[in-house]
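Visitor: here's my sequence, what's the structure:
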Amino acid sequence: MPFSGLAARLTAGVDLRRVGTGTVSGTGLYQASGFGPLAVAGSLDVAKGALGPLLAGRRRPLLAALSAGAAVAGHNWSPLLGGAGGRGVSPALGATLATAPEGTVVLGATLGAGRLAKQTGLGVLVGLAALFPVLWRTRRGRGLVLALSLALPMVGKRLTGNTPVPPGPDRRRVLAWRLLFDSDPVPAEGDEPAPFDPDEKVIGEVPTPR
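Guide: Numbers count the residues shown, from 1 in each chain. The predicted structure follows:
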């Protein structure tokens, strides 16, 4: 359930897939509607990530980890948005809050540091990498399973982004930039963006180059 997307539509009449970076996220919602809708929708997205692990219970850590990963994947590629979605940070915070609170501290701290440094994407990546040693130390094998269940869909979303990776020599550079900063690199000087084509293919209502 894309709570940020729903809140933006209800409060501002905005489709977050068509503004800014095209990501259905709390950042986009804040820009469109302000702090109030963000607080409500953000809380619901966190709760969404916690629901599955809580239902699985502490006696089934594998099921709890897999349900956490499923919540993040559903958030990132929502079937209600034609495969569009967010970046998975909010449901990941909720999932770790329900299963491994120390993971919430790690993700929250690196997210906050990234925002202060104006490199949120890099901060989240550092947090994901730090989850593995932290959860291994505190929870051993089940901690690694949880870290992997959260990291796979989040890294996958970073790499796929909202538009296809361009073919050619820039492909590796774009993928590396997306992995590190969760955005596309600024075009090199002299490069001009392709002209808008009204007949270009649409996936999930977000125009993508052919």
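Visitor: pLDDT weak spots in this protein?
Guide: 187-210 (pLDDT under 70).
Visitor: wait, what's in contact with the residue nearest the centre of it?
Guide: When Cα atoms, centre = their mean is applied to the chain, the residue found nearest the centroid is residue 87 (0.9 Å). Applying Cβ atoms under 8 Å, 6 or more residues apart in numbering to residue 87 gives the contacts 23, 25, 76, 124, 154, 157-158, 182. Every residue, glycine included, has its C-beta placed from N, CA and C.
Visitor: who wins on neighbours among those?
Guide: Counting neighbours by other Cβ atoms under 10 Å, residue 25 comes out on top of the contacts of residue 87 with 27 neighbours.
Visitor: do I have it right that that one meets residue 4?
Guide: Yes - if you go by Cβ atoms under 8 Å, residue 25 and residue 4 touch, sitting 6.0 Å apart.
Visitor: what sits in contact with each of those two?
Guide: Common neighbours of residue 25 and residue 4 (Cβ under 8 Å, 6+ apart) are 16, 86.
Visitor: could you pull out the strands for this protein?
Guide: Taking DSSP state E to define them, one finds strands in the chain at 202-203, 206-207.
Visitor: list the contacts of residue 57.
Guide: So residue 57 contacts residue 64 (Cβ under 8 Å, 6+ apart).
Visitor: quick one, phi psi at it?
Guide: Dihedral pair for residue 57: phi 80, psi 160, per degrees, to the nearest 10.
Visitor: do residue 100 as well
Guide: Torsion angles, degrees, to the nearest 10, at residue 100: phi -150, psi 80.
Visitor: my guess is it contacts residue 146, does it?
Guide: Yes - under the criterion of Cβ under 8 Å, residue 100 is in contact with residue 146, at a separation of 6.0 Å.
Visitor: ok, which stretches of this structure are helices?
Guide: 3-12, 26-33, 35-56, 61-76, 89-99, 101-116, 120-160, 171-181 (DSSP state H).
Visitor: kindly provide the distance from the residue nearest to the centre of the chain to residue 161.
Guide: 10 Å (Cβ to Cβ, to the nearest Å).
Visitor: so for residue 68, what's the nearest residue that isn't a sequence neighbour?
Guide: residue 95 (3.4 Å; Cβ to Cβ, 6 or more residues apart in numbering).
Visitor: for that neighbour, what are its contacts?
Guide: Counting by Cβ under 8 Å, 6+ apart, residue 95 has contacts 49-50, 52-53, 68, 71-72, 146, 150.
Visitor: against residue 20, how distant is the residue nearest to the centre of the chain?
Guide: Residue 87 is 13 Å from residue 20, by Cβ to Cβ.
Visitor: winner for burial among the helices of the chain?
Guide: helix 89-99 (a mean of 27; mean count of other Cβ atoms under 10 Å).
Visitor: tell me the angle that helix makes with helix 61-76.
Guide: 160 degrees (axes from the mean of the first three to the mean of the last three Cα atoms, to 10 degrees).
Visitor: endpoint to endpoint, stretch 158-175 covers what distance?
Guide: 9 Å (Cα to Cα, to the nearest Å).
Visitor: quick one: contacts for residue 104?
Guide: 93, 96-97.
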